[in-house]
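Chemist: predicted model follows, preceded by the sequence.
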Amino acid sequence: MEGDHMHGMGGAAATPPMPDMNGTSGMGMNQHHHMMMHMTFFWDKNSEILFSGWPGTRAGMYAVALVVVFLMAFLIEWLSHSRFIRPDSDDVVAGITQTLLHGLRVGVAYLVMLAVMSFNGGVFLAAVAGHTLGFFLFGSRVFKRETLPYKNSSDLPPMSC
């Protein structure tokens, strides 16, 4: 064998390097370390959640990321079970308020979903804990003042996936 040529292949060159994630051949000046995307749950603080490079590799930033995911899930439950519009409000103002609240709730719900799609076990548990505590405080019968089953307990319709 000589150089890049394989014996018995009629002088065919060796297979070129596979392209990396940014489309280069991996042999240029643009070589970056890319984190592998997990497709199964893993338990590690070295993870990317929502944004490239966040939270990084420090345990403190990972803890901050878990708190952020928890609070976003908690916020979704608060928005889903709270009343912000007075019954005597103008219909147009009430409709705009409902629409803005719905958009906020859906946007935050998608962020939580994307965070969970990092497949990090801690992120998953933080999201479930935030939804659970939020529902317990705002949606369960434990802290409800109203007991009439036919009254709307929220300005927003139920969440649907």
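Modeler: Cool, the structure landed. Numbers count the residues shown, from 1 in each chain.

Chemist: quick one: residue 55 from residue 63, how far?
Modeler: 8 Å (CB to CB, to the nearest Å). In short, each C-beta sits where N, CA and C put it, glycine included.

Chemist: and those two? Which one has more around it.
Modeler: Counting neighbours by other CB atoms under 10 Å for residue 55 and for residue 63 shows that residue 55 has the greater number, 21 against 14.

Chemist: which ones are touching the more buried one?
Modeler: By CB atoms under 8 Å, 6 or more residues apart in numbering, the contact set of residue 55 is 45, 47, 49, 61-62, 64-65.

Chemist: could the residues you listed go into TSV alongside distance to residue 112, secondary structure and pLDDT?
Modeler: Formatted as TSV, those follow (distance: CB to CB, whole Å; DSSP: H, G, I helix; E, B strand; the rest coil; pLDDT from 0 to 100):
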residue	distance to residue 112	secondary structure	pLDDT
45	19	coil	88
47	15	strand	88
49	11	coil	91
61	18	helix	95
62	17	helix	95
64	16	helix	96
65	12	helix	96
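
Chemist: narrow the residues you listed to those that are buried.
Modeler: In terms of neighbour count (16 or more other CB atoms under 10 Å), the buried residues within these are 45, 47, 49, 62, 65.

Chemist: count the residues that sit near the closest residue to the second one other than its chain neighbours.
Modeler: I take that to be residue 47. Closest residue to residue 47 apart from its sequence neighbours, by CB to CB, 6 or more residues apart in numbering: residue 120 at 4.5 Å. Using other CB under 10 Å, residue 120 has 25 other residues around it.

Chemist: ok, residue 94 next?
Modeler: Residue 94: 16 surrounding residues under other CB under 10 Å.

Chemist: for it, pull up the helix or strand it's in.
Modeler: According to DSSP states H and E, residue 94 maps onto helix 91-116.

Chemist: just the strands in this protein please.
Modeler: Assigned by DSSP state E, the strands in the chain fall at 47-48, 55-56.

Chemist: how about JSON lines for the ones you listed, with distance to residue 133 added?
Modeler: As requested, these are arranged in JSON lines below (distance: least, CB to CB, whole Å):
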{"stretch": "strand 47-48", "distance to residue 133": "23"}
{"stretch": "strand 55-56", "distance to residue 133": "22"}
